[in-house]
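Colleague: Below are the sequence and a predicted model for it; my questions follow.
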Amino acid sequence: MRLRHAIVSALLLLPVTACGSAPGGGAPAAADEIKVGLLHSLSGTMAISEVTVRDAELLAIEEINKAGGVLGKKLVPVVEDGASDWPTFAEKATKLIRQDKVATVFGGWTSASRKAMLPVFERYKALLWYPVQYEGLESSPYIFYTGATTNQQIIPGLDYLKEQGKKSLFLVGSDYVFPRTANKIIKAYAAANGMRVLGEEYTPLGHTEYSTLVNKVTQAKPDAVFNTLNGDSNVAFFKQLRSTGVTPEAMPVLSVSVAEEEVKGIGVANIAGQPVAWNYYQTTETPANAAFVKAFKDRYGQDKVTSDPMEAGYNAVYLWAEAVKKAGTTEVEAVRKAAGGIALERPEGLVTIDGDNQHLYKTARIGVVQPDGLIKQVWDSGEPIKPDPYLKDYPWAGGLAQG
């Protein structure tokens, strides 16, 4: 692993040349083409979640090309596998920028992958469109965040549990930056809102033995569990929790990284009745969503489901294309400047790019997993929420960004 990190560091020290002119790189796009990078885990523990995001981005590219492309040019996807390995994400991001000379990259899932890629994009002044909800406390001039930040998912989830009368929590998460930072925020919220945290446990990504952790949770008897596990660890956790006889009514487990695709992998019988917090579900009732669900199923199979991260990835391609059209060029600084204020009706509803922090205004939604594997909305914020990645509007969050 030290060797891998050394390779990434060496790549970052390469001389910076204008995009498209790196010595020894791949051929630039043809005059009537624009290359774009897609970088997700297509193998490893995160493939259960990321393959479908790649598929949604490809669908968006196909639709845009069918409608005439961008600036009269065809989008050509260059697809890479991050392999659920964070140094690999940095290496492949460097390849896409330096060798393939893509105009932008859509990619990542875990915050660990994003954190690994961030210095690459800042070094080469290239654009990453990151499609997944995350822990906040970050902004970069070279990243657009099309998933939720903390005040659009985690805090609404906590507000919902509070409204349901839940006064004690047990925190369960994967051992990397997103769950640990999210739980730091959750503990600050709990302290300010009269809630107790009875336990906090982490397991490695890909972990599958949860009997000991499940015993700790059931013995603590929390009113609810806040779950920030990612990837296929959720399969093992929910199966082993269900085997104890614990019901969602007795002890709900609110998840922020389990969407329709993960429900299929977990098995509906193991998770039906459990709450989740997102901004979009396959069942979300908007005119744009009906068309999106039909298009995705027509392209990939009637048994396929849509989910929040894949919808955010799909949106990212359209938002970037709109910014390019507005700028009249794919040049990064021009696209960044043009992006602020762009508003589009998407499957989740109206989304608007905040030009100050490059996050989106998004509607928060709480849902419950149904016996058919879909998710039924039980609450929403009523309107898109302004992104507040540093939680500046929450007095109890003071100091978290520095902590």
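Modeller: Structure received.
Colleague: quick one, phi psi at the closest residue to P387 other than its chain neighbours?
Modeller: Once flanking residues are discounted, P387 sits nearest to H359: 3.4 Å by CB to CB, 6 or more residues apart in numbering. (C-beta placed from N, C-alpha, C; glycine too.) Main-chain dihedrals, H359, degrees, to the nearest 10: phi -100, psi 170.
Colleague: Then A192?
Modeller: According to degrees, to the nearest 10, A192 has phi -90, psi -10.
Colleague: which residues of the stretch 251-400 of the chain fall in strands?
Modeller: All strands of the stretch 251-400 of the chain, identified by DSSP state E, counting those that start in this stretch, fall at 253-255, 275-278, 343-346, 349-353, 360-361, 365-369, 375-380.
Colleague: Return the most buried member of the ones you listed.
Modeller: Using mean count of other CB atoms under 10 Å, the stretch among the strands of the stretch 251-400 of the chain with the largest mean neighbour count is strand 275-278, at a mean of 27.
Colleague: Looking at it now, give me its mean pLDDT.
Modeller: Averaging pLDDT along strand 275-278 yields 98.
Colleague: which outside residues touch that strand?
Modeller: 133, 148, 153-154, 156-157, 160, 248, 252-256, 258-259, 307-308, 364-369, 375, 378 (CB atoms under 8 Å, 6 or more residues apart in numbering).
Colleague: Would you mind giving the domain segments of the chain?
Modeller: 2-149+293-361, 151-279+365-397 (automatic domain parsing).
Colleague: quick one: which of these is nearest T286?
Modeller: Of all the domains of the chain, it is domain 2-149+293-361 that lies closest to T286, at 5.4 Å by CB to CB.
Colleague: Can I get the strands of the stretch 251-400 of the chain in JSON lines including distance to A401?
Modeller: Below are the strands of the stretch 251-400 of the chain laid out as JSON lines (distance: least, CB to CB, whole Å):
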{"stretch": "strand 253-255", "distance to A401": "24"}
{"stretch": "strand 275-278", "distance to A401": "22"}
{"stretch": "strand 343-346", "distance to A401": "28"}
{"stretch": "strand 349-353", "distance to A401": "22"}
{"stretch": "strand 360-361", "distance to A401": "20"}
{"stretch": "strand 365-369", "distance to A401": "26"}
{"stretch": "strand 375-380", "distance to A401": "28"}
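Colleague: Out of those strands, flag the one nearest V225.
Modeller: By CB to CB (comparing all of the strands of the stretch 251-400 of the chain), the closest turns out to be strand 253-255, at 4.2 Å.
Colleague: tell me what that closest one is packed against?
Modeller: helix 154-163, strand 224-228, helix 233-242, strand 275-278 (3 or more CB pairs under 8 Å, 6 or more residues apart in numbering; DSSP states H and E).
Colleague: Taking strand 224-228 as reference, get the angle to the third one.
Modeller: Using axes from the mean of the first three to the mean of the last three CA atoms, to 10 degrees, the inter-axis angle of helix 233-242 relative to strand 224-228 is 160 degrees.
Colleague: Helix 233-242 - contacts with which helices or strands?
Modeller: Under the contact criterion of 3+ CB pairs under 8 Å, 6+ apart, helix 233-242 touches helix 211-220, strand 253-255, helix 260-266, helix 268-271.
Colleague: Could you list the low-pLDDT ranges of this structure?
Modeller: Scanning the chain for pLDDT under 70 picks out the ranges 1-28, 402-403.
Colleague: repeat that for 80
Modeller: 1-29, 401-403 (pLDDT under 80).
Colleague: Pop out the phi and psi values for A112.
Modeller: Dihedral angles phi and psi of A112 (degrees, to the nearest 10) take the values phi -60, psi -40.
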